[in-house]
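Chemist: All I have is the shape, not the residue letters:
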Ligand code: A2P
């Protein structure tokens, strides 16, 4: 079996493909932030980003969150009481602006992130939809395995891209650390011993093997390499089931500070 990630791609519903593993980052310039969701801001914003990156196009352009904030250059606009200033946008109109970016050749594929089923359905049932989202980037790992959203997305040919596939850095500023640490799980560690891999490699392989793209984050060169060494083994069907049974339906990344936003995506079951 090929040991590199370069041959491991998943086809997308628009004819392009995506590598099953990518480098996770803490800031992604190719995504559409919550303060730029007004349709008229999308195209010029992307043009500015491409200029900054000195690129002619990006492979994938995604709406980072379905919740809109006050439009402008302040990424986290707050009022004088420190409360986030929300905004209302028509997500379908924003989606049409992304479609225009694809038609203009500024992006190869367009997708979304943190959309729940209802929000995906809103786009999928939009009259005159030109392109479906190719992907939905969401938290996904054995403790939050997303079986229902995964099934829904597979039915609609939408690839799930798993952020925080290793269970996050457990930074208490944005992670619910009352939850158990994923990589300390005893089953995952015993499977690591069985397959001569680490718990991290087991959880990444688990997602890849069920068709989920992973974007693990690491600042450490050895761990970055380790995270890509997941193509020289295969988890048995029985062990895949055992890992699936670890699902606790607990989100590490709840973004509760925005839970009063009308489009906060995580109130729904999935
Ligand atoms: P580090 O940067 O020191 O490697 P996630 O991708 O789920 O958000 O997880 C990111 C966290 O996981 C970071 O704290 C990162 O720390 C750590 N991490 C990344 N790769 C591994 C690995 N192979 N084993 C253990 N921890 C890892």
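Modeler: Cool, the structure landed. This one's a predicted model, so the numbers in the text were calculated from it and none came from an experiment.

Chemist: If we go by neighbour counts, what in stretch 162-174 is buried?
Modeler: Buried residues in stretch 162-174, defined by neighbour count with 16 or more other Cβ atoms under 10 Å: 162, 163, 164, 165, 166, 167, 168. Backbone N, C-alpha and C define where each C-beta goes, glycine included.

Chemist: Relative to residue 259, how far out is the closest residue to the ligand within the stretch 1-150 of the chain?
Modeler: Closest to the ligand within the stretch 1-150 of the chain is residue 24: 4.8 Å, counting by Cβ to the nearest ligand atom. The gap separating residue 24 from residue 259 is 24 Å, by Cβ to Cβ, to the nearest Å.

Chemist: Give the residue farthest from the middle of the protein.
Modeler: residue 80 (32.2 Å; Cα atoms, centre = their mean).

Chemist: What pLDDT is listed against the most centrally placed residue in the chain?
Modeler: With distances taken as Cα atoms, centre = their mean, the residue of the chain nearest its centroid is residue 137 (2.0 Å). On pLDDT, residue 137 comes in at 97.

Chemist: my guess is it contacts residue 63, does it?
Modeler: No. Under the criterion of Cβ atoms under 8 Å, residue 137 makes no contact with residue 63, lying 9.6 Å away.

Chemist: which neighbours do the two share?
Modeler: By Cβ atoms under 8 Å, 6 or more residues apart in numbering, residue 137 and residue 63 have these common neighbours: 111, 112, 113.

Chemist: mind listing which of those are in strands?
Modeler: Members of the shared contacts of residue 137 and residue 63 lying in strands (criterion: DSSP state E): 111, 112, 113.

Chemist: how near is the residue nearest to residue 140 when sequence neighbours are not counted to residue 122?
Modeler: Using Cβ to Cβ, 6 or more residues apart in numbering and skipping the chain neighbours, the partner closest in space to residue 140 is residue 162 (3.6 Å). Distance of residue 162 to residue 122, given as Cβ to Cβ: 23 Å.

Chemist: What of residue 104?
Modeler: Going from residue 104 to residue 122 by Cβ to Cβ gives 24 Å.

Chemist: ok, those two, which is more surrounded?
Modeler: Comparing residue 104 with residue 122 by other Cβ atoms under 10 Å, the one with more neighbours is residue 122, at 17 against 12.

Chemist: Close to the ligand: what parts of this protein are there?
Modeler: Counting by Cβ under 6 Å from any ligand atom, the chain comes close to the ligand at 24, 164-169, 183, 198, 200, 216-220, 223, 226-227.

Chemist: Can you flag which of these belong to strands?
Modeler: Per DSSP E, the residues of the chain next to the ligand never map to strands.

Chemist: now the buried residues of stretch 162-174 in TSV, with pLDDT?
Modeler: Putting these into TSV (pLDDT from 0 to 100) gives the following:
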residue	pLDDT
162	98
163	96
164	96
165	98
166	98
167	96
168	95
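
Chemist: In helices only, show me those.
Modeler: Taking DSSP state H, every one of those sits outside helices.

Chemist: pretty sure residue 218 contacts residue 225?
Modeler: No. When contacts are counted by Cβ under 8 Å, residue 218 is not listed as touching residue 225 (9.3 Å).

Chemist: higher neighbour count, those two?
Modeler: The neighbour comparison of residue 218 against residue 225 (other Cβ under 10 Å) goes to residue 218, with 16 against 10.

Chemist: residue contacts, that one?
Modeler: Residues in contact with residue 218, defined by Cβ under 8 Å, 6+ apart, are 24, 224, 227.

Chemist: Can you give me the pLDDT of the residue farthest from the centre of the chain?
Modeler: Residue 80 is assigned 96 on the pLDDT scale.

Chemist: Same check on residue 115?
Modeler: Confidence score, pLDDT, at residue 115: 98.

Chemist: In which helix or strand does it reside?
Modeler: Residue 115 is part of no helix or strand when elements are defined by DSSP states H and E.

Chemist: I'd say it and residue 64 touch.
Modeler: No. The criterion here is Cβ under 8 Å, and residue 115 misses it with residue 64 at 10.3 Å.

Chemist: so what sits against both of the two?
Modeler: Common neighbours of residue 115 and residue 64 (Cβ under 8 Å, 6+ apart) do not exist.

Chemist: Fine by me, we can end here.
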